[in-house]
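A.B. asks: Would you be able to build a 3D model of this:
(2 chains)
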Protein chains: 2
Amino acid sequence: MEIKKRVMTSSPLNAEPPIELLRSWITPNSAFFNRNQGAIPEQPINIEDWRLHVSGQVQREVEYTFQELLQMPKITTACTFECSGNGRSLLSEKAPGNPWTIGGVANVVWGGVSLKDVLEGAGLTEGSLHVAFEGFGRPVGGSGVEFVRSIPIDKALDSTILAYEMNGEPLPNENGYPLRALPLGWYGANSVKWLNRIVVMEKPYEGYFMDKAYRIFQKGQDPKTGEVVMNIKVKAIITKPLNNEKIKRGKVLIMGAAYAGENTIDRVMLSFDNGNAWVEAQLFGPNEKYAWRQWQHLWYADIPGEYQIFAKATDSAGNQQPLEGQWNAHGYCNNGIKDHGVTVTIEK
Amino acid sequence: MEIKKRVMTSSPLNAEPPIELLRSWITPNSAFFNRNQGAIPEQPINIEDWRLHVSGQVQREVEYTFQELLQMPKITTACTFECSGNGRSLLSEKAPGNPWTIGGVANVVWGGVSLKDVLEGAGLTEGSLHVAFEGFGRPVGGSGVEFVRSIPIDKALDSTILAYEMNGEPLPNENGYPLRALPLGWYGANSVKWLNRIVVMEKPYEGYFMDKAYRIFQKGQDPKTGEVVMNIKVKAIITKPLNNEKIKRGKVLIMGAAYAGENTIDRVMLSFDNGNAWVEAQLFGPNEKYAWRQWQHLWYADIPGEYQIFAKATDSAGNQQPLEGQWNAHGYCNNGIKDHGVTVTIEK
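C.D. replies: Residues are numbered from 1 along each chain as shown, chains lettered A, B, ... in the order given. Okay, the predicted model is just below:
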């Protein structure tokens, strides 16, 4: 399938797919958004030479060949994956960074191994409290800073996979071939691509991408005191109609997706009058933990005019989207209802 | 992904993918098996000219444009899809037809509309008892015989979709673009590709592909008295290791899939000694009605030698696979346990 993405920066590549391609439960690999801090390896890593090293606060250092990983029990899980900057351009006040609309999200069936199994091969210790991921030791953009992220041990043992497969195909090179870390339900920043080193630590890794980026803070605040972006916040996106679409009066199919990281979607409500009255949309399609739900609604749009359509998701823990996205210095985690509304014109 | 399929006939194209590609829950579109009675259209059908006609025992003839179908409520469902000849070459006695091993099966997330909604647009009558599907009125292989299939109205209204999407992509031309009938959980013969005409009838359609082919009968028996291939029979396939694989002694991951048409999989049992002792495999991955379950088992293969591995699935209705496939004149619906066993050699 030929896809023309909206490229925000080409070096490194940051791009989002046309929104029409988010109308399916599966996001095809070719439609997966691109989010890179540094260059994509020019050649796929040689799988025979590749090793996954595990070291740090463990009983013994170990390394795994790719074939060894394939001999370990497999995990298959559908999981929605979102860039923490997704929705940034929709914030009412501009924030620096790639101007994502709603396309920095994808739903994929991943295959891989459990991080727990990999760590148990090395043996945990009392000091095994955080797990850092490093993608083949490659400084980002010549800055000398490596893209390293760590996650707490609870998440590492409970629901993190090391993925080697996307939608039944080997992980594409641009998506981290041969292996990427995938803390299920967490923002993409935590999912280190081209993974080759895991270091178990007593405390969180310290570095630019842990302490300065991927934290929620206000201008003037010390970034390190801000909350780290982890679990994906509850959010509904509208994929049909498109923003500013003109539609003939009559029955109009409204469609979208809703997701909530580690939580599941309880309901999606829609408003066609700028948020006054709300009606419940129908959830449909596969229902898998960590994966988005599709939703739809047949709207009888009889009266020509301009309409604001809002979608509001509530998750299984009772979390609801805020009416407006909460601004922060990097514009992360926008899940504002109004910000994600679309304007449509119903014509005679 | 470049895939080299095993081509059984090239004109029309009948081919199965390498078995390694069935180790994922999603079968990528590129790995989907090819099963054709006639030629694939050289050019994709022009979507602007295309119409879906509904006629016969209905209140009014109607036709739908493709855009109109896209405005109807969407159905997304994972569904395993199997050729009724799959496994034919594994029968202990040869039967005529394409010599499928286990690759004539795929698990796909389909998108489309409900056949019920499409039929209700035409209005049902007392004579609406069977629904026939025709794929753009094209005789098969110059024989003058068209590939037409009909299904009973209960199945049509309860669980049949008209699919326009495979794994998030538009239906590929070779898989029936723009639309194919898909009675969920039934053998592929019932899934007419390049669908453009639906005729509602008082009795089953009569024709070669209803009366002579796709029926279970013995040599010398009138084909028309045989059972029509409909619901997919319960079956487990072993995808890892491959048949006749040589493996170093130690921990060996055994993996496969199991499916049962309209029923769900209750359990999969494994034997490593020609069917004497059995152990239960672990079911894993997404759990969606109509879709296969993946299963796996870590086998401690310490003693070198040759082993027969058998997998035996039981479905939610209590159906089990027979020990040997039941021979019939066309070699349809083989789900024999022994037939699907693999031989492996454990080496020092």
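A.B. asks: Contacts for the worst-scoring helix or strand of chain A on mean pLDDT next, please.
C.D. replies: Ranked by mean pLDDT, DSSP states H and E, the weakest helix or strand in chain A is strand A:130-139, scoring a mean of 85. For strand A:130-139, the surrounding residues in contact (C-beta atoms under 8 Å, 6 or more residues apart in numbering or on different chains) are A:38, A:41, A:45, A:56, A:115, A:119, A:145-153, A:156, A:160, A:176, A:180-181, A:192-205. The C-beta positions use only the backbone N, C-alpha and C, and glycine is treated the same way.
A.B. asks: Relative to chain B, how far out is residue A:88?
C.D. replies: 25 Å (C-beta to the nearest C-beta, to the nearest Å).
A.B. asks: I figured that residue hits residue A:82, correct?
C.D. replies: No. Counting by C-beta atoms under 8 Å, residue A:88 does not reach residue A:82; the two are 11.8 Å apart.
A.B. asks: Compare neighbour counts for these two and give me the winner.
C.D. replies: residue A:82 (30 against 24; other C-beta atoms under 10 Å in any protein chain shown).
A.B. asks: Leaving out sequence neighbours, find the closest residue to that one.
C.D. replies: Using C-beta to C-beta, 6 or more residues apart in numbering or on different chains and skipping the chain neighbours, the partner closest in space to residue A:82 is residue A:105 (4.2 Å).
A.B. asks: Around chain B, which positions in the stretch 101-250 of chain A sit nearby?
C.D. replies: Applying C-beta under 8 Å from any C-beta of the partner chain, we find that the stretch 101-250 of chain A lies next to chain B at A:109, A:111, A:165, A:167, A:168, A:169, A:170.
A.B. asks: of these, buried ones?
C.D. replies: A:109, A:111, A:165, A:167, A:168, A:169, A:170 (16 or more other C-beta atoms under 10 Å in any protein chain shown).
A.B. asks: List the beta-bridge partners for the last one.
C.D. replies: The partner list for residue A:170 in beta bridges (DSSP bridges) reads residue A:165.
A.B. asks: And the second one, by the same measure?
C.D. replies: Residue A:111 forms beta bridges with residue A:76, residue A:165, as assigned by DSSP bridges.
A.B. asks: Which residues are in contact with it?
C.D. replies: Here residue A:111 is in contact with A:74, A:75, A:76, A:163, A:164, A:165, A:166, A:168, B:24, B:25 (C-beta under 8 Å, 6+ apart).
A.B. asks: How about the closest residue to chain B within the stretch 201-348 of chain A: what's its closest non-neighbour residue?
C.D. replies: The minimum distance from the stretch 201-348 of chain A to chain B, using C-beta to the nearest C-beta, falls at residue A:285 (3.4 Å). Distances taken as C-beta to C-beta, 6+ apart put residue B:76 closest to residue A:285, at 3.4 Å, once the chain neighbours are dropped.
A.B. asks: Could you measure from that neighbour over to residue A:255?
C.D. replies: Noted for residue B:76: a distance of 11 Å to residue A:255, by C-beta to C-beta, to the nearest Å.
A.B. asks: Same check on residue A:4?
C.D. replies: 21 Å.
A.B. asks: go on, residue A:89?
C.D. replies: 22 Å.
A.B. asks: Over to residue A:44?
C.D. replies: For residue A:44, the distance to residue A:255 - C-beta to C-beta - is 36 Å.
A.B. asks: Tell me which residues touch the residue positioned nearest the centre of chain A, please.
C.D. replies: Residue closest to the average C-alpha location in chain A (C-alpha atoms, centre = their mean): residue A:82, at 1.7 Å. Listed by C-beta under 8 Å, 6+ apart, the contact partners of residue A:82 are A:104, A:105, A:106, A:187, A:188, A:232, A:235, A:259.
A.B. asks: Can you report how many residues lie near the third one?
C.D. replies: If I follow you right, that is residue A:106. 27.
A.B. asks: cool, the last one as well?
C.D. replies: The number of residues packed around residue A:259, counting by other C-beta under 10 Å, is 27.
A.B. asks: low-confidence ranges in the stretch 51-200 of chain A?
C.D. replies: A:137-139, A:141-143 (pLDDT under 70).
A.B. asks: all strands of it, in order?
C.D. replies: A:52-56, A:62-64, A:75-82, A:105-114, A:130-139, A:146-152, A:160-166, A:169-170, A:180-183, A:195-201 (DSSP state E, counting those that start in this stretch).
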